[in-house]
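*Asks:* coordinates only, sequence not included:
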């Protein structure tokens, strides 16, 4: 069962998973309403979904044309379905209250992505901003009707899948802990039962939906761990309705909007429009796509960005991908490494045929897979295939800075011709003393043998002990296919390496 779930998550992008989960909520809500377990008729729910989705799609289409920005259809449907889950559907023949809120919230949720943006990067969670604005302008508020006892188990299941996919447990835990502590504290102050207060929050409100679906949106959350923890704590505190300034009481959407402001302050984000300069073959079926960049932006070696490439008829994986930045901050151009497999996705089919001057959108620079601040800290890199891209960025940076660090790298590939960035790694060895061990798992001796040392076989505990004898003193950085990373996490733990000394290259939507 768990293998099936993991396989499904690995093959599904983050955005597509969120869309599937929201569609699941929609179907469940229809079923519950059919059995009278929700106070809405199925026809009312259908009408609500159709109106909100239609208005959202039209608004996004118009703004995308006006601002000449690539339209992400998945985002439109995700935003519309979230609005569907929190705006009270029309009941009977009374459409007046529903229409005023649904129309304005749908329009402003789409418009906020384009109007309230800095560096072409939107600041606020679109839904939170829209329903906050409507509350202040037309005095209509979202009811968050999805927060019911009957929807709870389904929201929990879908939410766990999302968090498992994007690995934002740190954010969720900080939100939960601070929210629970605040709720309990106010319960004691008011002389009420903290157990009842917690029960009402979890069962009779959209607490879990808010946390799993809205709080975790990557575009408006801080890109690094400790800022995420602070972000979750701030929103968790403000989520509690008892928090107020005078007559202004906190709401979930207002809490998230304030959190978004904090997120932007601690981690300014921007969107880059990059032009293809050249395509360079770095290994068999592996190419670096080098883009010119006319704007200065800062990142640390090893971080990743979200790349959007508009193309016709995108497949189930959509038109967005996360790629580690293969270039160093010391280089003027921006590059990513892409490996092509049989039956590639529509995204890779499109990027393979990019021509010089064609553009791609890069945004949301993030990630904690970076070199430690302590330059004397012992490190071991373990890379598999195209997982060498963050190490290419790091070593190029160290070369350009002439900065020596105690690093040993183990690099595994199926064949010799699959090895990428060998020129950079060899330069790092000769100039900085960074040793690289090339391991090849295909023992076909018919392949032309290189003049440089190579090890045949899989990287395992014995190889690590041999090549990295002081492994217990080192922090391990592991990057590659998800299955490989998971295997090495277990191997290193079995060898006695503590969890705190194992860093893995992960970003949302990893497939």
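*Replies:* Nice, thanks for sending it over. Keep in mind the model is a prediction, meaning the values are calculated, not measured.
*Asks:* Buried residues in the biggest strand by length in the chain, which are they?
*Replies:* Counting residues, the longest strand found in the chain (DSSP state E) is strand 271-283. Across strand 271-283, burial judged by 16 or more other C-beta atoms under 10 Å covers 271-274, 276-277, 279, 282-283. For the C-beta atoms, the positions are set from N, CA and C on the backbone; glycine is no exception.
*Asks:* for these, which one is nearest residue 412?
*Replies:* residue 283 (12.9 Å; C-beta to C-beta).
*Asks:* if I look at the closest one, how far off is residue 328?
*Replies:* 19 Å (C-beta to C-beta, to the nearest Å).
*Asks:* gap between stretch 383-392 and the chain center?
*Replies:* 19 Å (C-alpha atoms, centre = their mean, to the nearest Å).
*Asks:* Please read the previous query as pertaining to stretch 334-351.
*Replies:* How far stretch 334-351 lies from its chain's middle: 19 Å, per C-alpha atoms, centre = their mean.
*Asks:* and what of stretch 100-115?
*Replies:* 24 Å.
*Asks:* That one: which residues count as buried?
*Replies:* So stretch 100-115, judged by 16+ other C-beta under 10 Å, has buried residues 101-102, 104-114.
*Asks:* And for stretch 208-223?
*Replies:* Judged by neighbour count (16+ other C-beta under 10 Å), stretch 208-223 contains these buried residues: 208-223.
*Asks:* Mind splitting the chain into its structural domains?
*Replies:* 2-266, 271-366, 379-504 (automatic domain parsing).
*Asks:* end to end, how far does the second one reach?
*Replies:* So that's domain 271-366. End-to-end distance of domain 271-366: 13 Å, with C-alpha to C-alpha, to the nearest Å as the criterion.
*Asks:* likewise the last one?
*Replies:* One end of domain 379-504 to the other measures 13 Å (C-alpha to C-alpha).
*Asks:* and the helix or strand containing residue 163, what other elements does it pack with?
*Replies:* Using DSSP states H and E, residue 163 sits in helix 152-166. Packing partners of helix 152-166 (3 or more C-beta pairs under 8 Å, 6 or more residues apart in numbering; DSSP states H and E): helix 2-11, helix 14-34, helix 207-209.
*Asks:* hey, where'd the helices end up in the stretch 101-250 of the chain?
*Replies:* Along the stretch 101-250 of the chain, counting by DSSP state H, counting those that start in this stretch, helices occupy 126-137, 152-166, 169-190, 194-203, 207-209, 225-239.
*Asks:* same thing with the stretch 351-500 of the chain?
*Replies:* 389-401, 422-432, 461-467, 482-494.
*Asks:* Could you list the residues in contact with the second one?
*Replies:* If I follow you right, that is helix 422-432. Residues from elsewhere that reach helix 422-432, judged by C-beta atoms under 8 Å, 6 or more residues apart in numbering: 391-392, 395-396, 398-399, 402-405, 409, 411, 434-436, 438, 452.
*Asks:* From those residues, keep the buried residues only.
*Replies:* 391-392, 395-396, 398-399, 405, 409, 411, 434, 436, 438.
*Asks:* quick one on the thing from earlier: ok, which pair from the buried residues of stretch 100-115 is furthest apart?
*Replies:* 101 and 114 (21.3 Å).
*Asks:* now, among the buried residues of stretch 208-223, which is nearest to residue 34?
*Replies:* Nearest to residue 34 out of those is residue 209 (C-beta to C-beta; 20.9 Å).
*Asks:* Please determine how far the closest one is located from residue 56.
*Replies:* Distance from residue 209 to residue 56, counting by C-beta to C-beta: 19 Å.
*Asks:* next one: residue 500
*Replies:* For residue 500, the distance to residue 56 - C-beta to C-beta - is 44 Å.
*Asks:* For these two, indicate the residue with more neighbours.
*Replies:* residue 56 (27 against 7; other C-beta atoms under 10 Å).
*Asks:* Got the confidence number for the nearest residue in space to the more buried one that is not next to it in sequence?
*Replies:* Of all residues not flanking residue 56 in the chain, residue 80 sits nearest, at 4.2 Å (C-beta to C-beta, 6 or more residues apart in numbering). pLDDT recorded at residue 80 is 97.
*Asks:* before we move on, which element is residue 80 in?
*Replies:* helix 73-86.
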